Structure formats: structure tokens, C-alpha cells
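Asks: sequence first, then the predicted structure, then my questions.
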Amino acid sequence: MKTKNLRVYDLCLISIFAAVISIMAQIAIPMPYLVPMTMQTLAIALTGILLGPKKGTISTFLYVLIGAAGAPVFAGFNGGIGAVLGPTGGFIMSFPFLAFAAGFGAAKNSTLWLWGGLFTGVIVNYFCGVVYFSLYTSNDLITSFTACVLLFIPTDIIKMLIAGLLGRKVRLMILHRYVV
């Protein structure tokens, strides 16, 4: 009986975090050069850190599926298969890996692993996004990197610092409360 309760609990957590990512994706902070900073990747990294690699990945994959099905859950209230297969589709499709990497690093209970997981997840997200954008637009990789990533590096560093510091603190609080 306890296993069923845990399963329902896990499904609820996965769904709640998919909803949180959806909400956070709509929060946009205006930045110079007309490129707003959304909280989407912050929420995805926190999802991985707080739920762990398996549940965090499932939650983020659910978020992508809901968006692909047409719900306006992506940044700017976008949704649909066109958003997933459009020019920024590589970023969207690699979101589950970002959650997995962040969760994997956090699950090791080591500061070095946590930061390594966050860094790896962001690099893979950038790589997938740039390569996909390059293929989609027939641009070279340098042009695609400049268009899709360069302006976002400072804000992504800030978001990953927030995710790492906040996520680690909350994760330790959760672990302390339920393990002790």
C-alpha cells in the first residue's frame, strides 16, 4: 500500500513541477538589446535539483509534451508542435536533459557535482539549441551561436547560480526533514 501512495505522490510532484515550469516560463524580465530573460531554464534546473534526475526529467518531459500538444506553456505563451519543431526547438527538446543533469549532480550530495551538473546541462542545452537552429535556418554555427546564445550567457549564469544556491538549500531542508 505504501508503494501506491508513493507513486501517487511522485506523480503529483511531477505534475506540479511541470505546472511550475509553465508558469515560470511566462515571467520575462526586460534586458538590454530587447532580449528578455525568462525564468524557464531556472525552473527546469530547480525541478531537476529538487525532484532528482528521474522525476525531474519526467516532469520536464511532461512540460515539453504538454507544450507540443498545443498548450501555451512555453515562453511568451507559445505552444504547439510548431514551437517544438520551430527555430528554437533544439533548446526546448533538450530541456529534459538540463533537468536530468541538474538532478544527477544534486543527487550526488556534492557541491562540485551540483555545479558540474548545472554547467553540463546548460552546455548541452546550448549545443542542441545552436545545432538545431543552424540546421533549421541554414546558418553556420557561429552565426547561430551569436543569435541564440551569446546574449543569454550572462543571464543564464545568474539563473544557474540562483538554481544552484536556492535548490541546494531547499534540497537540504527537504532531506533533513524527511531523513531524520
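Replies: Noted; the coordinates are in hand.

Asks: only C-alpha atoms for contact and neighbour calcs from this point on.
Replies: Noted.

Asks: just the helices in the chain please.
Replies: Assigned by DSSP state H, the chain shows helices spanning 2-24, 40-68, 81-85, 89-93, 95-107, 111-137, 141-148, 153-179.

Asks: pull out the buried residues from the third one.
Replies: Going by neighbour count (16 or more other Cα atoms under 10 Å), the buried part of helix 81-85 is 81, 83-84.

Asks: give me whichever of the helices of the chain is most buried.
Replies: helix 95-107 (a mean of 28; mean count of other Cα atoms under 10 Å).

Asks: so the closest residue to residue 128 other than its chain neighbours versus residue 39, what's the distance?
Replies: Nearest non-adjacent residue to residue 128, counting by Cα to Cα, 6 or more residues apart in numbering: residue 90, 5.0 Å away. Residue 90 sits 18 Å away from residue 39, going by Cα to Cα, to the nearest Å.

Asks: next: residue 107.
Replies: 23 Å.

Asks: any regions of this structure where pLDDT drops low?
Replies: Scanning the chain for pLDDT under 70 picks out 1-6, 33-35, 178-180.

Asks: go with 80
Replies: Low-confidence segments of the chain (pLDDT under 80): 1-6, 31-36, 175-180.

Asks: quick check, central residue of it?
Replies: Residue closest to the average C-alpha location in the chain (Cα atoms, centre = their mean): residue 44, at 2.6 Å.

Asks: the closest residue to it other than its chain neighbours and residue 49, how far apart?
Replies: Computed as Cα to Cα, 6+ apart, the closest residue to residue 44 that is not its neighbour in sequence is residue 99, at 5.6 Å. Going from residue 99 to residue 49 by Cα to Cα gives 7 Å.

Asks: between those two, what contacts are shared?
Replies: residue 56 (Cα atoms under 8 Å, 6 or more residues apart in numbering).

Asks: ok, residue 134 touching residue 140?
Replies: Yes. Using Cα atoms under 8 Å, residue 134 is in contact with residue 140, at 5.9 Å.

Asks: isn't residue 27 right next to residue 41, touching?
Replies: No. At 11.2 Å, residue 27 and residue 41 do not qualify as touching, with contact defined as Cα under 8 Å.

Asks: so what's the spatially closest residue to residue 19 that is not a sequence neighbour up against?
Replies: Among residues not flanking residue 19 along the chain, residue 63 sits closest, at 7.4 Å (Cα to Cα, 6+ apart). Neighbour list for residue 63: 18-19, 21-22, 73 [criterion: Cα under 8 Å, 6+ apart].

Asks: fine by me, thanks again.
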